[in-house]
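Undergrad: From the sequence below, what's the structure:
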Amino acid sequence: MANKEETTKTKVKKSNLKLTEKGRVYVLATFNNTLVTFTNEAGDTVAWSSAGAAGFKGTRKSTPFAATTAVEKAASKVLEKGIKVVDVYIKGPGAGRDAALRAIKSAGLSISLIADLTPIPHNGPRAEKRRRI
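TA: Numbers count the residues shown, from 1 in each chain. Predicted structure coming up:
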């Protein structure tokens, strides 16, 4: 019989990402979670994290502290790869919006742009029909 070491192979991922000092950060702050994705200028994901991936469960995922922890976790990976200046794109109404921005700044990344991509309805859904008594 073969040894367990021979049968289990670890998969090594080779990345062909082109990294410069500039990158982008996409923050999706929902009412239940905060997702953070760091990309290069072409839009290829370099690192990501979320409040759930940072170890928070349930209602604690929606807190600003959970968002801060998620950003710090992803930012440490990005700093190792050499990205120093980022454009920040924020989407959603969640509590982690401002906390994520503060965490990006405190992690040592320089912010060159902040854009809010939150979708805003211009007309909204169809109104309920009138009540008949």
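Undergrad: Pull out the buried residues from the longest helix along the chain.
TA: In the chain, taking DSSP state H as the definition, the longest helix is helix 64-81. Neighbour-count burial for helix 64-81 flags 64, 66, 67, 68, 69, 70, 71, 72, 73, 74, 75, 78 (criterion: 16 or more other C-beta atoms under 10 Å). All C-beta atoms are positioned from the backbone trio N, CA, C, and that covers glycine.
Undergrad: residues contacting residue 63?
TA: Contacts for residue 63 (C-beta atoms under 8 Å, 6 or more residues apart in numbering) come out as 51, 56, 95, 96.
Undergrad: Let's have the residues you listed in TSV, adding pLDDT and neighbour count.
TA: Shown next, in TSV, are the contacts of residue 63 (pLDDT from 0 to 100; neighbours: other C-beta atoms under 10 Å):
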residue	pLDDT	neighbour count
51	94	30
56	95	20
95	91	18
96	91	32
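Undergrad: shaky segments in the chain?
TA: 1-9, 11-15 (pLDDT under 70).
Undergrad: Now do stretch 94-102: everything it contacts.
TA: 27, 29-34, 36, 51, 62-68, 70-71, 88, 90, 111, 114.
Undergrad: mind running it again at 7 Å?
TA: 27, 29-31, 34, 36, 62-64, 66-68, 71, 88, 90 (C-beta atoms under 7 Å, 6 or more residues apart in numbering).
Undergrad: Equivalent analysis for stretch 32-47, please.
TA: 17-20, 22-28, 48-52, 61-62, 66-67, 70-71, 74, 77-78, 81, 83, 94, 96, 100.
Undergrad: tell me the SS of residue 114?
TA: What DSSP: H, G, I helix; E, B strand; the rest coil gives for residue 114 is strand.
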